[in-house]
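Colleague: please find the sequence and the predicted model below.
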Amino acid sequence: MTEKPKCPDRPRDAAAELVLRRAAPEDIPAIDAMHFLSVQGLGAADYSPAELEAFITHGTYDPAMVHGGTYYLIEDRSVEVEGRVVASGGWARHLPHSEAPGAGIDEQTSVLSPTSAKVRSVFVHPRYARRGLGSRLVRHVEEEAQAAGFRLLELWASLTGVPLYRRLGYQEIRRLSIPGGNGVEVPAVHMAKLIACHPNGATAA
């Protein structure tokens, strides 16, 4: 019996090697590269090439979250790909100016509650999709936002991300279009989730 050829670039299944940590400024280039791969590799089923280009040109996240300590990543620390960023996501108290009401998005569509935490920019490397990394990040973000005193969570989901957020208990509010950097509008979905607080300190969605 011959030995099966090894695939060094194939992600391992050992969860211990997929480490979640807070993103640092020096991680930004690796995050940018992973986001590009994620948009191109996972978004093609939901968006046209022009919409994908608009998505990337508009920007996939706000680096201020990294500097503010509310953006996180998962890195693969297995020997073959030591330190590869394979997923990321975070939260913010406010939307960046470019996405605030009055910045080109219909205000009836875009208004988010001033009392909500905004779940933002959850991306997964295409080779690590469907392994629960997106859910892991969102749950971590929810815990961090809750610890900061928030009970209402809101987000603008890409069409690709809607099934994930539905599974995690987010409800669709309405559809919207986000102006892209090349003049093309990118369809998205406003979603929200309320975390209830029990008397014993536990929480439930």
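Modeller: Happy to help now that I have it.

Colleague: now for L153, how many residues are close by?
Modeller: 26 (other CB atoms under 10 Å). No exception for glycine: its C-beta is placed from N, CA and C like everyone else's.

Colleague: who does the nearest residue to L133 once chain neighbours are set aside bridge with?
Modeller: Nearest non-adjacent residue to L133, counting by CB to CB, 6 or more residues apart in numbering: A87, 4.1 Å away. When bridges are called by DSSP bridges, A87 pairs up with I74, V124.

Colleague: all helices of this protein, in order?
Modeller: Under the criterion DSSP state H, helices of the chain are mapped to 28-42, 49-58, 64-68, 107-110, 133-147, 162-167.

Colleague: with mean neighbour count and distance to S116 added, can I get the ones you listed in a markdown table?
Modeller: What follows is the helices of the chain, written out as a markdown table (neighbours: other CB atoms under 10 Å; distance: least, CB to CB, whole Å):
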| stretch | mean neighbour count | distance to S116 |
| --- | --- | --- |
| helix 28-42 | 17 | 23 |
| helix 49-58 | 18 | 22 |
| helix 64-68 | 16 | 15 |
| helix 107-110 | 14 | 13 |
| helix 133-147 | 18 | 9 |
| helix 162-167 | 16 | 14 |
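
Colleague: now render these as JSON lines, adding mean pLDDT.
Modeller: Putting the helices of the chain into JSON lines (pLDDT from 0 to 100) gives the following:
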{"stretch": "helix 28-42", "mean pLDDT": "96"}
{"stretch": "helix 49-58", "mean pLDDT": "91"}
{"stretch": "helix 64-68", "mean pLDDT": "94"}
{"stretch": "helix 107-110", "mean pLDDT": "46"}
{"stretch": "helix 133-147", "mean pLDDT": "97"}
{"stretch": "helix 162-167", "mean pLDDT": "98"}
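
Colleague: Throw the ones you listed into JSON lines and include distance to L20, thanks.
Modeller: Supplementary listing: these in JSON lines, determined by distance: least, CB to CB, whole Å:
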{"stretch": "helix 28-42", "distance to L20": "14"}
{"stretch": "helix 49-58", "distance to L20": "25"}
{"stretch": "helix 64-68", "distance to L20": "15"}
{"stretch": "helix 107-110", "distance to L20": "30"}
{"stretch": "helix 133-147", "distance to L20": "6"}
{"stretch": "helix 162-167", "distance to L20": "16"}
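
Colleague: wait, the residue nearest to L133 sits on R127?
Modeller: No: contact criterion CB atoms under 8 Å: A87 and R127 do not qualify, at 10.9 Å.

Colleague: give me the below-cutoff pLDDT ranges for this structure.
Modeller: 1-16, 79, 95-112, 196-205 (pLDDT under 70).

Colleague: center of it - which residue?
Modeller: V122 (0.8 Å; CA atoms, centre = their mean).

Colleague: out of the helices of the chain, nearest to A117?
Modeller: helix 133-147 (3.7 Å; CB to CB).

Colleague: which one's more surrounded, A87 and R127?
Modeller: More neighbours surround A87 than the other of A87 and R127, with 26 against 15 (other CB under 10 Å).

Colleague: look up how far I178 lies from that one.
Modeller: 22 Å (CB to CB, to the nearest Å).
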